[in-house]
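# Based on what follows, work out the 3D shape:
(3 chains)
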Amino acid sequence: MTSIATLGSHCSLQVLKGAKDEGFKTILVCEKKREKLYRRFKFIDELIIVEKFSEILNQEIQEKLKQQDAILIPHGTLIAQMSSEEIESITVPIFGNKWILRWESDRTMKEKLMREATLPMPKPVTEPKDIEKLVIVKRQGAAGGKGYFMAANEEDYNTKRNQLISEGVISKDETLYIQEYAAGVLAYLQFFYSPLTGELEFFGVDQRHESDIEGLGRIPSEQQLKSKKVPSFNVIGNSPLVLRESLLDEVYTMGENFVEAAKRIVSPGMNGPFCIEGVYDENAKFTSFEFSARIVAGTNIYMDGSPYYSLLFNENMSMGKRIAREVKIAEEKNEIEKIVT
Amino acid sequence: MTSIATLGSHCSLQVLKGAKDEGFKTILVCEKKREKLYRRFKFIDELIIVEKFSEILNQEIQEKLKQQDAILIPHGTLIAQMSSEEIESITVPIFGNKWILRWESDRTMKEKLMREATLPMPKPVTEPKDIEKLVIVKRQGAAGGKGYFMAANEEDYNTKRNQLISEGVISKDETLYIQEYAAGVLAYLQFFYSPLTGELEFFGVDQRHESDIEGLGRIPSEQQLKSKKVPSFNVIGNSPLVLRESLLDEVYTMGENFVEAAKRIVSPGMNGPFCIEGVYDENAKFTSFEFSARIVAGTNIYMDGSPYYSLLFNENMSMGKRIAREVKIAEEKNEIEKIVT
Amino acid sequence: MTSIATLGSHCSLQVLKGAKDEGFKTILVCEKKREKLYRRFKFIDELIIVEKFSEILNQEIQEKLKQQDAILIPHGTLIAQMSSEEIESITVPIFGNKWILRWESDRTMKEKLMREATLPMPKPVTEPKDIEKLVIVKRQGAAGGKGYFMAANEEDYNTKRNQLISEGVISKDETLYIQEYAAGVLAYLQFFYSPLTGELEFFGVDQRHESDIEGLGRIPSEQQLKSKKVPSFNVIGNSPLVLRESLLDEVYTMGENFVEAAKRIVSPGMNGPFCIEGVYDENAKFTSFEFSARIVAGTNIYMDGSPYYSLLFNENMSMGKRIAREVKIAEEKNEIEKIVT
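Numbers count the residues shown, from 1 in each chain, chains lettered A, B, ... in the order given. Modelled structure (predicted):
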C-alpha cells in the first residue's frame, strides 16, 4: 500500500492531512526537536525521527520509506536544507519533477526558465549609479528576505548598504542584485498541473506577511524619518486573496506558459503544484519576481479548500488533498510513473 | 426550465456555480477572447460568444436568452460597459431592479439616494482653496480609481493635478471632485434583500486591494519622499474581514435605511444583493463613499460561504447561490415577477 | 437540559450558533437597543432583555438563568463592562475560570502571569528621557487603544502628549505607560485548553484591523508630514492568517507555558479558550503584549471553522462550537464541575 511522506515543516500538516483523507498511510520525517509538535496530530501514522533533515539522504531512511511504498512530497524546506545534487540523488520517488527544483534554487536558471515562459520580470539594474527610480536590492541565494533593502538612488544605496555591512547583516564583498522595485498588490498565484489529464488548475492566491516590512505602514512618517532601521522581509505567514475575475485569463495563460516552458526545457515538466509570485501594478499589469516549482506554504491558508477550487470540486479540497488525489488516480490508472521522478 | 445567465467577468464564475448547484441551466455571455478561460468550468452549460458585451443589446442574443427562460444577473461589468439607457432597454428579465442601476452610475443620483438613506458621507470640498485637511480628489464617472489623488492643501492639490495632467492621466479641463479623505479601516458591507420574505440579510465584509496605493505602506518614508509618483487606486482583488459584533446593529440599520429609501424613490426598490462601501474612522463611525446596487466582486472571496451566512444557513452559501436560491423560491411560489425587472 | 447563555455582543452570535449546532438551548442576555438585531437570528431560543449588561448581577436574572441550567460563556464585553469583583460574584456557572479574568483586567497582575508563563514581553521604558528607539505610549486600563501614540524620542513624546491633552483625549495628570514598540507582523494566537483531556489545541490566528492606524499606510509620507493627526488604535474587525509551520512548535510551547503558569497561580487554571497577542519581528521572534483569558472576537473570522481546526476535527468547528462541544462531553462524562467556575 502506498504511503505519502514529507519533511516535518512548511506545509507538512496540510499534506499529510490531505493524504490521510484520501486513504493513504502517512509518514513524517521529523526532527527530534519537533517530535512533540507533530505527535499532536493523529492523522500522522508514523514519525521517522532524525536529528536533521539531511539524514533523508541516508540509505537507511530511504530504505524505510521504500519498504512502505512511500512517495515523497517535496516542499520549501527540502529545497532550503539540501543542495540540488542531494535532492536529485534521492531514490525514493518524489512527487512532481525533482529536476525542476534546481531551476528554482539557482537564480540564473530561474530567470532562464521565467524568460522561456515569457513571464514579465522586474528590470534589472546593472550598477548602483544606474538607479533611476526605486529599486530593491537582493542578496544572492535564498536568504529569506533578510538583508534585502530598498533604495531611491545611488547615494541612498550606498548609505543603506554600508549600514547593513556595519550591522553585520551583509558582508563587504557580497555581490548584491539590484532590480526595479515593483510596487502594488502582492499576489502569489498557486497552480496545480496534472500530467494525467493534461490540465492546469488555478488553486488560489495568497499574500505573504513579512516582518518587519509589514509593520512599516503603521509607523507614522514622522517617526520613520527619525529612525535608521532598515526594514526586513522575513516571511511570517499568509492570508487569502481573490483576484478581479478579468485578471484570471492572464493568470491561466501565465500558468500554461510556465507549464509549456518547463516541458520544453526540464523534462518531464512542471507536474503537480507550483506558484508564480509577483505584484500587480497600478495598470493591473503583473510582474513576476519568483516562482516555486512545488507546493508553497501559502496554500496553508486554504487547508479546508480555496475559493477557486470550490469552482472545480464539489468538496473541500486543499492542495495537500489534491496531491494525494493525483496519486490515487495515478494508481488506479496504473500511471504512477507519470507523476513522480 | 429557467436558466441563469450573466456576462463573463466580475463574479460570473461564482454566480453560475451557485446557479448550477441550485439546479439551473447556466449560460455565459462570453467575449471571444475569454472563451478558453470559461470553457474550463464544467458548470457552465452554454457559452454565447460575442465580440463585445454590448452585443447583448442585439435582439438576436436576447431572443436566444428568452428561448431558454433566462434570467440575467447584472454585475459591475454590465454597468461599466453599457449606458443606463442601454441596460434599461434589455427585455430579458434582469434579476433585482434594473432601474436602480442608473442611480449607481450617476454621481448626482447616487448621492441623492445615499442622502435619502441617511448614509453618512464624506464632506465635499467646493474649491481647492477650501482644503483644510487631507482630501481625496476624484474624477467624474467610474474611472476605477485611476487618476484619483490625495492632497493636504491647495498648493499640494495644484502640484499633483499638474503632474497628472502632464502625465496625460487627467485632462486639463476635467472637473475634479474633492472630498474630505476618510481614513481608517475600509469595509465593503455586502447585503441581500429578499422581496419575497421582506428580510434583509447581512452577507459579509471584504476589503479591496488597490494598486499601487496598497504598496505604499511598504515603502519607507525616506524613499517615498524621494519619489514623485502619485499613487493610484486600481482594484486588483479582495480579502475577507469580520466586524466587531457591536457594529452589526448599525450595519443592519444602514442596510435597512438603504432598502427603505430605494423603495420610496426607485420602484420596486433594492431587491437582491447590494453593497455599501466606506470606512470606519477612529471612533468606529462609518462614512460611506459609494454603494453598488447589485452583486459586488468582493463576494468572490466567499465562493464557498461567508462567516455571516454560516449564521443564517446550515449549508455553504455563496452570494451566487443565494441569488439562485431566490429564483428557485420565487418559482416555487409563482412570484418570479417580484424578483426581476 | 443545559442551556448556553452569553451577553449580546463581541462573539455572541458565534457562541450561540455553535451551542445550537451542538443541541443546546440558547439564551442571549440582550440590551434593549439591540433586540432587533438579535431577533434576526433563529438559533437564539430566548432573549433576556436588559437595559444594561450589569443587570446580569441582579438575582432575578441569575435565577432565570439557573432555572434553565444555563452556563454563561464570558467574553470581552463582560470584562469591559463589569469589575472583577462583580464578575466573581456571579453565581451562574461560568465556562472556564472566572478567577483568571481579573488577571486579564489588571495590568500588574497581567504582567505577572505573563512573566510566570515566560512570555517574551516588550521592554518597558521608565521615563520619557530614556526613550532611545521607537516606543508606544499606552494609557492605564483598557481604553481600547484610544489615546495610544508612538514616539521616537523624548521631545516627540512631549509634543504628542501635549497635543492629546489639548484635544481632551488624555488628561494632564494621567500616568502613561511607555514600552518599546515591537514592529512587525501582528498575530493573535487563539487556543483552547481542555481540562477534560488535558490537551491544548491551537485554533487559529487573526489580525486586528484598527482605526485609524490601518489607514496610515495608504497616506503618502508627504501628506502625513503635513498633517498633525495622531493615529489611534480602535479595533474595527479581524482577518485570517496562517503562520509559517516552523513557528508552530513555539506557538504550542507558549500556549502550554501559559496553561501551566495559570494552573500554578490561579486555580483551576486556563480552561477553555484564550489568546496570546503579539507581534513577530524581523527575526521571527514573537513578543507578546497582551493575553485574553477567554474567547476573543478574532475567532469570529472562523465562524465556519479555521484552517488549524480542520487538522484536528473532521467537521467545521468554530470556537463557539468547540466550547459547546466541551460542555456536551463534560455532561456525558458527568464532569461539568471541571469546566465551569
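# For the stretch 151-300 of chain A, what lies in contact range of chain B?
A:151-153, A:156, A:181, A:183-187, A:199, A:205, A:207, A:213-214, A:216-218, A:221, A:224-225, A:231, A:239-249, A:252, A:279-284 (Cβ under 8 Å from any Cβ of the partner chain). Using the backbone N, CA and C atoms, a C-beta is placed for each residue, glycine as well.
# In the stretch 101-250 of chain A, which residue sits nearest chain B?
A:Gly217 (2.5 Å; Cβ to the nearest Cβ).
# picking up where we left off before, give me the ChimeraX select line for the residues of the stretch 151-300 of chain A next to chain B, limited to the buried ones.
Buried members of these, defined by 16 or more other Cβ atoms under 10 Å in any protein chain shown, are picked up in ChimeraX with:
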select /A:151,152,153,156,181,183,184,185,186,187,205,207,213,214,216,217,218,221,224,225,231,239,240,241,242,243,244,245,246,247,248,249,252,279,280,281,282,284
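# Among the residues of the stretch 151-300 of chain A next to chain B, which ones are in helices?
Judged by DSSP state H, the subset of those located in helices is A:Asp156, A:Ile213, A:Glu214, A:Leu216, A:Ser221, A:Gln224, A:Leu225, A:Leu248, A:Asp249, A:Tyr252.
# hang on, the third one packs against C:Gln207?
Meaning A:Glu214. No: look at A:Glu214 against C:Gln207 with Cβ atoms under 8 Å: they stay out of range, at 9.5 Å.
# dump the residue contacts of A:Glu245.
B:Ser9, B:His10, B:Cys11, B:Ser12, B:Leu13, B:Ala297, B:Asn300 (Cβ atoms under 8 Å, 6 or more residues apart in numbering or on different chains).
# Now with 10 Å, please.
Neighbouring residues of A:Glu245 by Cβ atoms under 10 Å, 6 or more residues apart in numbering or on different chains: B:8-14, B:34, B:37, B:75-77, B:237, B:297, B:300.
# Quick check, pLDDT for it.
For A:Glu245, the pLDDT comes out at 98.
# cool, and A:Phe24?
98.
# What of A:Ala143?
On pLDDT, A:Ala143 comes in at 56.
# related to what we said a few turns ago, and the residue of the stretch 101-250 of chain A closest to chain B, how far from B:Pro220?
In this view, A:Gly217 and B:Pro220 are 10 Å apart by Cβ to Cβ, to the nearest Å.
# Need the residues touching each of those two.
A:Gln224.
# In stretch A:223-237, which residues are buried?
Neighbour-count burial for stretch A:223-237 [16+ other Cβ under 10 Å]: A:223-227, A:229-237.
# In strands, which of these fall?
A:Phe233, A:Asn234, A:Val235, A:Ile236, A:Gly237 (DSSP state E).
# need the contact list for the last one.
Read that as A:Gly237. A:206-211, A:214, A:297-298, A:300-301, C:185, C:187, C:205, C:207, C:240-245, C:247, C:280.
# could you redo the last one with a cut-off of 6 Å?
Going by Cβ atoms under 6 Å, 6 or more residues apart in numbering or on different chains, A:Gly237 touches A:His209, C:Leu241, C:Val242, C:Leu243.
# As JSON lines, the ones in helices among the residues of the stretch 151-300 of chain A next to chain B with distance to A:Met270 and pLDDT would be great.
Below are these laid out as JSON lines (distance: Cβ to Cβ, whole Å; pLDDT from 0 to 100):
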{"residue": "A:Asp156", "distance to A:Met270": "38", "pLDDT": "90"}
{"residue": "A:Ile213", "distance to A:Met270": "30", "pLDDT": "93"}
{"residue": "A:Glu214", "distance to A:Met270": "30", "pLDDT": "93"}
{"residue": "A:Leu216", "distance to A:Met270": "35", "pLDDT": "93"}
{"residue": "A:Ser221", "distance to A:Met270": "43", "pLDDT": "94"}
{"residue": "A:Gln224", "distance to A:Met270": "41", "pLDDT": "92"}
{"residue": "A:Leu225", "distance to A:Met270": "45", "pLDDT": "92"}
{"residue": "A:Leu248", "distance to A:Met270": "19", "pLDDT": "98"}
{"residue": "A:Asp249", "distance to A:Met270": "20", "pLDDT": "98"}
{"residue": "A:Tyr252", "distance to A:Met270": "14", "pLDDT": "98"}
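# Looking at those residues, which one is closest to B:Ile165?
A:Ser221 (26.5 Å; Cβ to Cβ).
# so which helix or strand takes in A:Ala324?
helix A:319-332 (DSSP states H and E).
# Oops, could you answer that again for A:Glu104 instead?
helix A:101-105.
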